[in-house]
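Engineer: pasting the sequence and the predicted coordinates here, then a few questions.
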Amino acid sequence: MDWTDWFSWFDARDSDLAREVLQRGIAALFLVAFASTLNQFRVLLGERGLLPVPDLLDAVRATERRMREREERLGEKVGPLRRTRRRGYLGPTIFRRWGYSDAKLVGVAIVGLVLAASAVVGLPQLGPPWLPMLVFLALWGLYLSIASVGQTFYSFGWEMLLCEAGFLVAFLGSREVPPPLPIIVLVWWLVFRLEFGAGMIKLRGDRAWRDLTALYYHHETQPMPGPLSRQAHLLPKWFHRFEVLGNHFAQLVVPFLLFAPQPVRTAAAAIVIATQLWLVITGNFAWLNWITIVLAFGAVGDAAVQWLFPWLPLEALEAPADAMSPQWWIAIVLLVTGLILWLSRNPLMNLFSKRQLMNASFDRFMLVNAYGAFGSVTRQRVEVVVEGTADDPRDPSAEWREYGFKGKPGDARRIPRQYAPYHLRLDWLMWFLPLGRIEENWFLRFLEKLLEADAATLKLLAHDPFGGERPVAVRARTELYTFATREEHRRTGDVWMRHPLGTAIPPISLRPAHRE
C-alpha cells in the first residue's frame, strides 16, 4: 500500500474557501492589532508611559536575581517548576533579551504590519506551504512579544485568542496543497472552546443569565456601547429574554454541531456568525466578535457556499486536483496537531470545572487557552469623569472642565461611536475603574500626565478642554449613566442621563494652587 493511501483522509478538499477566509481574516485582525499597538503602546507602556515596560523588565530581573541568590544561599537546585516561577507572569518576549525601547517597539509593529498586509492580499499563499507558515509564525511571535509585556493594557481575552488563532492558521498551507484536515478540525475545537466556554461561564456565574434578565442591563452597561446600543437597550423585555435564550442556544448547543457532517456543520457556523454580527452592531468589543466570525468560517464547506452562491469562482481558490500534501508537510501538521491536543487537556477540564477560569492561558506561549466573557452582568453604569481647572481648586466657584474620551461615554448628547475591531485600550480600562480600585497606578499616572499637558497622552483623548495648556488641578468624579428613554430624548435631546454620585479622587496639583 502506497503512503498516500494511508493519508487519503488528510486533505480537506471542501475547505479551500474556509482556508482563504481564515488566513486573510486573521491577517487582517493582526493588521488592526499592530496598528493599535503602533498608535497607543508608547503612550501607555513606553519609556515614558503610564506603566513603562523598562520598569517591568527591571522588576522581573530583580526578582529573578533575588531568587537565584536565595537558591545559592540555601543550596537549592533550580528545577523546571522553579524556573517557571522565577519568570513569573512575564511571557516570552524579544524585549526580554534585547531590551525595550520605543524605537524597537515601532520596528516590531511595522514589521508586523507589513507581514500582515502581505497575507491579507494573499502573497505568501501563492508560494510553497512553508511560506505562509513562516509569515504567520512571525506574526504570532511578534504579537506574543508585545502582549507579554503589555500588562493590564493587554490583559484582554482577545489578545491570547489572536495569538492562538495566528499559530493555528500558520499550518493551513498554501494553494499548492489542499487544506490539512487536522488543522481545520483544530479551528473547530478553538471555536468550540470559545463559544461553549462563554456559555458555561454565564450559566455558572450571574443569576441574570439563568432567569433570562441579563440583557435588560447589558446593552447599557457594557464596557463600550456602540451607535445602536441605546436602540437595542430600549427594545421590549420579551425581546431581551429571547436574546438570552438565543445566546444560550448559540453557545451551549450549536458548538457541538461544528463537528457534525455537512451541511449541518455549515449551518452551525452560520448561527455562530449571525449571533456575532448582532454583537458587532450593538457593541464595541475590539476584534473579539470579528475573530469569532472568521474562525467560525472554518466550518463552512465549499459545496454549501457554491450551492448558495453558484456565481462565486471558488475554483480559483482550489489547489490543483492532482495536488497531494508532501510527506514533510504531513509530518509537520501531525506534530503540531499532537502538540495542540496535548495542550488541550487543561482547557478541556476547565470547561467542566466548577471553578471554571475565564480568559486564562495554561502555557506561556498562548497556544491553547480558556475563554469566556460576561460571567456576571453589571446592573448600573458608573462612569469616572475626569476634570481639570485653571482656577484655585479650593475655591467653590472654580470652573471645572471635563476631558472627553474617544469611546468612553462622556457628553450626554454624544452618540457612542463604532470603533471595533480597533481597540481603544485606555477607554476600556476606564470602564473597570469603578468596579475595583479607583487608585490604580496607571490611572494616577494618567492624571499626572494631564497635569503636565503631555501631548502624547492628550492625543489619546477626543477633547482637551485646555487646548494643550496645563491645568492647575485635576480630579476624578463618579456619575451614574443611564440611556435616555424615548421621552427623555425627545424632551432634552440627550442620549445619556447623567446623575452625579461623588468625588473619587480629590483635586491634585503639580504646583501650588493660585492664592489671592
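Structural biologist: Thanks, I have the structure now.
Engineer: F256: neighbour count?
Structural biologist: For F256, the neighbour count with other Cβ atoms under 10 Å is 12. C-beta coordinates here come from the backbone N, C-alpha and C atoms, glycine included.
Engineer: need the contact list for it.
Structural biologist: Contacts for F256 were tallied using Cβ atoms under 8 Å, 6 or more residues apart in numbering; they are 192, 196.
Engineer: what residues of the helix or strand harbouring it count as buried?
Structural biologist: Assigned by DSSP states H and E, F256 belongs to helix 254-257. For helix 254-257, the neighbour count (16 or more other Cβ atoms under 10 Å) marks 254-255, 257 as buried.
Engineer: let me know the closest of those to L367.
Structural biologist: Closest to L367 out of those is P255 (20.0 Å), distances taken as Cβ to Cβ.
Engineer: that closest one contacts F196, doesn't it?
Structural biologist: Yes: if you go by Cβ atoms under 8 Å, P255 and F196 touch, sitting 4.5 Å apart.
Engineer: give the pairing partners of the longest strand along the chain; include direction for each.
Structural biologist: Determined from DSSP state E, the single longest strand within the chain is strand 496-508. Using DSSP bridges, the strands paired with strand 496-508 are strand 473-483 (antiparallel).
Engineer: what's the host helix or strand of A274 packed up against?
Structural biologist: Taking DSSP H and E as the definition, A274 sits inside helix 264-282. If contacts are counted by 3 or more Cβ pairs under 8 Å, 6 or more residues apart in numbering; DSSP states H and E, helix 264-282 sits against helix 181-204, helix 237-252, helix 254-257, helix 288-296.
Engineer: same thing but at 7 Å, please
Structural biologist: Other helices and strands packing on helix 264-282, by 3 or more Cβ pairs under 7 Å, 6 or more residues apart in numbering; DSSP states H and E, are helix 237-252, helix 254-257, helix 288-296.
Engineer: off-centre distance for the last one?
Structural biologist: A distance of 11 Å separates the C-alpha centroid of helix 288-296 from that of its chain, computed with Cα atoms, centre = their mean, to the nearest Å.
Engineer: go on, the first one?
Structural biologist: For helix 237-252, the distance from its own C-alpha centre to the chain's C-alpha centre is 23 Å (Cα atoms, centre = their mean).
Engineer: name the SS class of F41, please.
Structural biologist: helix (DSSP: H, G, I helix; E, B strand; the rest coil).
Engineer: contacting residues around it?
Structural biologist: Residues counted as contacts of F41 (Cβ atoms under 7 Å, 6 or more residues apart in numbering) are L105.
Engineer: again, only this time at 10 Å
Structural biologist: F41 makes contact with 34, 49, 53, 102, 105-106, 108-109, 146, 149-150, 153-154, 425 under the criterion Cβ atoms under 10 Å, 6 or more residues apart in numbering.
Engineer: measure how buried R498 is and give me the count.
Structural biologist: Neighbour count for R498, taken as other Cβ under 10 Å: 16.
Engineer: the one 10 residues further on now?
Structural biologist: A count of neighbours around I508, defined by other Cβ under 10 Å, yields 15.
Engineer: what do you get for F196?
Structural biologist: Neighbourhood size, F196 [other Cβ under 10 Å]: 21.
Engineer: look up how far V294 lies from it.
Structural biologist: 18 Å (Cβ to Cβ, to the nearest Å).
Engineer: same question, P179
Structural biologist: According to Cβ to Cβ, P179 and V294 sit 15 Å apart.
Engineer: again, but for H219
Structural biologist: On the measure of Cβ to Cβ, H219 and V294 end up 24 Å apart.
Engineer: more crowded one of these two?
Structural biologist: V294 (26 against 22).
Engineer: so what's the more buried one up against?
Structural biologist: Shown in contact with V294 (Cβ under 10 Å, 6+ apart): 18, 21-29, 165, 169, 187, 191, 273, 276, 287.
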